[in-house]
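**Q** What would the 3D arrangement of this be:
(one chain, ligands or ions: 1)
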Amino acid sequence: MLSRHQLIDQIKRKKTFLCIGLDPDIEKIPAFLHQYADPVLEFNKRIIDATKDLCVAYKPNAAFYESKGIKGLQSLIDTYKYLPKECLSIIDAKRGDIGNTSDQYAQAFFNEEVTGMGFDAITITPYMGNDSVTPYLKYEGKWVIILALTSSVGSKDFQYLNTEHGHLYEAVIQKANTWAGADRIMYVVGATKSEEFTNIRKYAPDNFLLVPGVGAQGGSLEDVCKYGITKDCGLLVNSSRGIIYASNGEDFADAARAEALKLQVQMEEELEKASVI
Ligand SMILES: O=C(O)c1cc(=O)[nH]c(=O)n1[C@@H]1O[C@H](COP(=O)(O)O)[C@@H](O)[C@H]1O
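**A** Next comes the predicted model:
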């Protein structure tokens, strides 16, 4: 469990707000790792060891594990167990369903005694509304990270539709703010949407924003900070492929560290500019 206060403390201490996405594709991980009983776990462990002082969060995306069946689920459980306790652990599952089904999803990712996984936070798609989100909030201290404005090209299809409360993504934020405060809810806003950050801060002045899309998807860290950073930082910027696949040779962990370090250095500058540190 990682409170807002602990997260902010960690950001100030480590001078970074980097979240590293653990999205290991068996086709892309270095060939020499295939000699290990669980190549994916071995890959993740080495990435974590090489980067844990440069980031404040890790985000395994469930798809990369579920697609490998039982072996993948075991890699996910063992990866969760290996994550440094000081870092925010986010399961990127993008779940969303009726209440009693959401209870089961919440148990899958939050109830460590039952499943071996007790992530601090989960990504949720809000399309089904209140009863699809509140089951996760019953777990005291856990975070719900709600998709607001995604980095995807298809974000135009629904998220910009006009409603009486503004664009649909603005209506989502206004409604979700009534379910819990900035100590329990974060919003996903894609780095490719930096022009919308000022607008989003009108509705979510204090919430942390999980911002994927720098690196492989081309979003700009500078623009995200220009419009999105707050006095408490308020940002977790994710990069997955840009870090974990920096090299596919034996030096992959060092190469991942070098990429993470580049982002950390930029983040430290942004934290100073915004007087967070
Ligand atoms: O919820 C997410 O994390 C997410 C939301 C979004 O709008 N866009 C997005 O790319 N993501 C996830 O963030 C990660 C981005 O990975 P890279 O593009 O490789 O850095 C992937 O795990 C995506 O599933």
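**Q** got the contact list for Leu221?
**A** For Leu221, the contacting residues are 191, 214, 237, 263, 266-267, 270, by Cβ atoms under 8 Å, 6 or more residues apart in numbering. For every residue, glycine as well, the C-beta is placed using N, CA and C.
**Q** repeat that with 6 Å
**A** 214, 266 (Cβ atoms under 6 Å, 6 or more residues apart in numbering).
**Q** Check the gap between it and Val214 for me.
**A** 5 Å (Cβ to Cβ, to the nearest Å).
**Q** what's the answer for Val276, then?
**A** Val276 is 18 Å from Val214, by Cβ to Cβ.
**Q** Which of the two has more residues huddled nearby?
**A** Neighbour count, other Cβ atoms under 10 Å: between Val276 and Val214, Val214 has more, with 25 against 21.
**Q** my guess is the more buried one meets Asn238, correct?
**A** No: counting by Cβ atoms under 6 Å, Val214 sits too far from Asn238 to count as a contact (7.5 Å).
**Q** Would you mind listing what in the chain touches the ligand?
**A** Proximity of the chain to the ligand, by Cβ under 6 Å from any ligand atom, involves residues 21, 23, 61, 92, 123, 150-152, 188, 190, 212-213, 215-217, 238-242.
**Q** What subset of those is buried?
**A** 21, 23, 61, 92, 123, 150-151, 188, 190, 212-213, 215, 217, 238-240, 242 (16 or more other Cβ atoms under 10 Å).
**Q** out of the residues you listed, which are inside strands?
**A** The members of those that map onto strands under DSSP state E are 21, 92, 123, 188, 212, 238-239.
**Q** Farthest-apart pair in those residues, please.
**A** Thr123 and Ser239 (15.9 Å; Cβ to Cβ).
**Q** Quickly list what the most centrally placed residue in the chain is bridged to.
**A** The centre of the chain sits closest to Lys59, judged by Cα atoms, centre = their mean, with a distance of 4.9 Å. Here Lys59 sits in beta bridges with Gly21, going by DSSP bridges.
**Q** correct me, but it touches Cys19?
**A** Yes: using Cβ under 6 Å, Lys59 is in contact with Cys19, at 5.3 Å.
**Q** Identify the contacts common to those two.
**A** With Cβ under 6 Å, 6+ apart, Lys59 and Cys19 have common neighbours Asn238.
**Q** What is the burial count for Gln10?
**A** Gln10 has 18 nearby residues by other Cβ under 10 Å.
**Q** top helix in the protein by residue count?
**A** helix 252-273 (DSSP state H).
**Q** counting contacts, what elements does that one pack onto?
**A** Here helix 252-273 touches helix 39-51, helix 241-244, going by 3 or more Cβ pairs under 6 Å, 6 or more residues apart in numbering; DSSP states H and E.
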